[in-house]
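Trainee: Curious how this folds, go ahead:
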Amino acid sequence: MRTIKFRMWSKEAEKFFYNPDVVYDCLKLSQLPATADLFPDMVWQQFTGFYDKNQIPIFEGDIVKDTFYQEITAKIVYSLGCFWLASNMGQNSERELYDSSQYSLEVVGNIFESKA
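Mentor: Okay, here's the model as predicted:
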């Protein structure tokens, strides 16, 4: 069975929240018309179901180094129903996350806290 987890980035606090109770409650409330405006600074990111070579969970928005085909640094994005490695390496700069081995991936940052 697939593990579904989210983390929540607060732009105001400039930190992640991982507690499932807090994250899911805020996510639910943000979807209701009466309370949607309570969370304007929150960004939710989903767990990909993959771990890197150091057993760190990989989330949407993470920056990873991948050495499977060639060494690249890429951002994890969700598009067309799956997670992708998106890099700035040229024409074929995207490939599906499952095309890489968990032993070749290493989380090196994320889009909020890294300058990469």
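
Trainee: Look up how far residue 8 lies from residue 24.
Mentor: 9 Å (CB to CB, to the nearest Å). To be clear about C-beta, it is placed using only N, CA and C from the backbone, and glycine gets the same treatment.

Trainee: Same check on residue 104?
Mentor: Using CB to CB, one gets 28 Å for the distance from residue 104 to residue 8.

Trainee: Where does the prediction get shaky in the chain?
Mentor: Along the chain, the parts satisfying pLDDT under 70 run over 1-2, 89-94, 96, 99, 115-116.

Trainee: Could you rerun that using 50?
Mentor: Residue ranges of the chain with pLDDT under 50: 91.

Trainee: Can you show me the strands along it?
Mentor: Using DSSP state E, the strands of the chain run over residues 6-10, 15-17, 42-51, 57-59, 62-66, 72-79, 82-86, 94-96, 105-110.

Trainee: ok, now which ones touch the residue in the chain sticking out farthest from the centre?
Mentor: Farthest-out residue of the chain from its mean C-alpha position, per CA atoms, centre = their mean: residue 34, at 27.8 Å. By CB atoms under 8 Å, 6 or more residues apart in numbering, no residues touch residue 34.

Trainee: cool, and residue 58?
Mentor: Here residue 58 is in contact with 47, 48, 50, 51, 52, 64, 76, 97, 105, 107 (CB under 8 Å, 6+ apart).

Trainee: Identify the residues contacting the last one.
Mentor: Just to be clear, that refers to residue 107. Contacts for residue 107 (CB under 8 Å, 6+ apart) come out as 52, 54, 56, 58, 62, 63, 64.

Trainee: out of the residues you listed, which one sits closest to residue 43?
Mentor: residue 62 (13.0 Å; CB to CB).

Trainee: ok, the closest one touching residue 75?
Mentor: Yes - counting by CB atoms under 8 Å, residue 62 does reach residue 75; the two are 7.5 Å apart.

Trainee: So for stretch 10-23, what gets flagged as buried?
Mentor: By neighbour count with 16 or more other CB atoms under 10 Å, stretch 10-23 contains the buried residues 16, 17, 23.
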